[in-house]
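Asker: Provided below are the primary sequence and the corresponding predicted coordinates.
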Amino acid sequence: MCANRLRMGQRRRGSFGVGRAGGATRKQNLHEPAMNDSVQPSGEGAAPRPEKAAPADPVIPPPEALPRLPPRLPDTHKGDYGRVLLIGGSQGMAGAVALAGMAALRSGAGLVQLAVPQSCQAVVAGFEPSYMVAGLPERDGCLALEARERLSELLTAATVVACGPGMGRSVGVTQLVGWLFARLAKPLVIDADGLNALAESGALGRKPVAARLLTPHPGEFRRLAAAVKLSEQVLEDAACSTAAAAKAVNAGERRQRYATMAQRLAERCGATVILKGHGTVITDGTQLVINTTGNPGMATGGTGDVLTGVVAALVAQGMEPFSAARLGVFVHGLAGDLAAAELGQVSLIASDLIRYLPRAFRMCEATLPQNPS
């Protein structure tokens, strides 16, 4: 009896129906496409359907000190906006480097080339026609040390290099990343498996010959910190940041721990560090900023690969590494906020960020001052 009354009440309120002229309802078939907002009821005197309000864009925090890209001049060409070389991918993880490549394109790089294992070349090329893909020697599905000869040719043309997304873990990968970190005389962004390889390579203690940007999450950070023998307290803090014990630490204290950890690693490695998480920390060992954009919906595979592509593209366009990291992290988080506002946090995936990068960049261009510090 009660169940029947409940069902009747729900029908009266239209919970199960789609409204029609005259107040009648009809039950929508699950296999029937939903009514489009643009379709209007026919017939004389039918009331127009109200337009669905678009989700409001997230509010940008005060951006007074946020760096910005220089305006594009009319007489420029693709070579003026830099060439990004992304090294990564492995069997089963081809999508990671593709995400980074697409993000680099959407972040303004003039040319983007991906260097991947030969067996992944066709798959990676199929994701996006606007970047180039080179197939390199591999072993067991990962890049092999023998890829170094072909890589040397590709490195010559690159403005900036990024490595790590989907790279996998192998002896050859560790050797390649160590070689790049120690020898490459161009800016290098390292993420994901590239950071694990770097921690194992023995190259991290050497002074780099050009700009280095490291983008670890707390687990990767702990491996890097151990590799350069940071103090026991820093290692303990890094362990806390990845364990359930972190829940017992208040947000302010946890943020301070993150900032201290990142700054010490940056000082020790001579690099710009992007320590990812809630309130991502960006530091070059001297300057330090905590980012304000982003949301829990971005806690999904591939979003870090997107960030790698964004930051690499900004460096390719001439931004100084710390400024590129600041702007890149901000825009990346803002794209996530825009995506979450329309799609919800639960359903957000990494490729959504790429689709919202154009709007995020436009919002920043419209809001930032003309002469930032």
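Answerer: Received it, and whenever you're ready, just let me know what you need. Numbers count the residues shown, from 1 in each chain.
Asker: correct me, but Ala313 touches Ala109?
Answerer: Yes - Ala313 is within contact range of Ala109, at 3.9 Å (criterion: C-beta atoms under 8 Å). From N, CA and C alone the C-beta is placed, and that goes for glycine too.
Asker: who's more crowded, the two?
Answerer: Using other C-beta atoms under 10 Å, the more surrounded residue of Ala313 and Ala109 is Ala313, with 32 against 28.
Asker: for the more buried one, give me its contacts.
Answerer: Gly82, Val84, Ala103, Ala104, Leu105, Ser107, Gly108, Ala109, Val112 (C-beta atoms under 8 Å, 6 or more residues apart in numbering).
Asker: any idea which of those is closest to Ile354?
Answerer: Nearest to Ile354 among the contacts of Ala313: Ala103, at 5.4 Å, using C-beta to C-beta.
Asker: now do the shared contacts for Ala313 and Ala109.
Answerer: Gly82, Val84.
Asker: what sits closest to Gln263 if chain neighbours are left out?
Answerer: Closest residue to Gln263 apart from its sequence neighbours, by C-beta to C-beta, 6 or more residues apart in numbering: Thr283 at 4.8 Å.
Asker: any idea what the one you found is bridged to?
Answerer: With DSSP bridges as the criterion, Thr283 is bridged to Val273, Leu288.
Asker: all the strands of this protein, residue numbers only.
Answerer: In the chain, the strands defined using DSSP state E lie at 17-19, 25-27, 83-87, 111-117, 132-136, 138-139, 142-143, 160-163, 188-190, 212-214, 272-275, 281-283, 288-290.
Asker: tell me which of those strands sits nearest to Arg68.
Answerer: Proximity to Arg68 (C-beta to C-beta) singles out strand 288-290 among these, at 14.8 Å.
Asker: give me the contact list for the closest one.
Answerer: Arg255, Ala259, Ala262, Gln263, Gly279, Thr280, Val281, Ile282, Thr283, Arg326.
Asker: nearest to Lys78 among those?
Answerer: The closest of the contacts of strand 288-290, once distances to Lys78 are taken by C-beta to C-beta, is Arg326, at 25.2 Å.
Asker: need the contact list for the closest one.
Answerer: Leu66, Pro67, Ile282, Val289, Asn291.
Asker: which members of those are the farthest-apart pair?
Answerer: Applying C-beta to C-beta across the contacts of Arg326, the maximum distance is between Pro67 and Asn291, 12.9 Å.
Asker: just the contacts of Arg326 now: which is nearest Leu99?
Answerer: Closest to Leu99, out of all of these and judged by C-beta to C-beta, is Asn291, at 19.9 Å.
Asker: now do stretch 210-228, average pLDDT.
Answerer: Averaged across stretch 210-228, the pLDDT comes to 95.
Asker: can you list the buried residues in it?
Answerer: 211-218, 220-225, 227 (16 or more other C-beta atoms under 10 Å).
Asker: how about stretch 123-141?
Answerer: Val124, Ala125, Phe127, Glu128, Tyr131, Val133, Ala134, Gly135, Leu136, Pro137, Glu138.
Asker: of all the residues you listed, which comes closest to Thr159?
Answerer: Using C-beta to C-beta, the buried residues of stretch 123-141 come closest to Thr159 at Tyr131, 14.5 Å.
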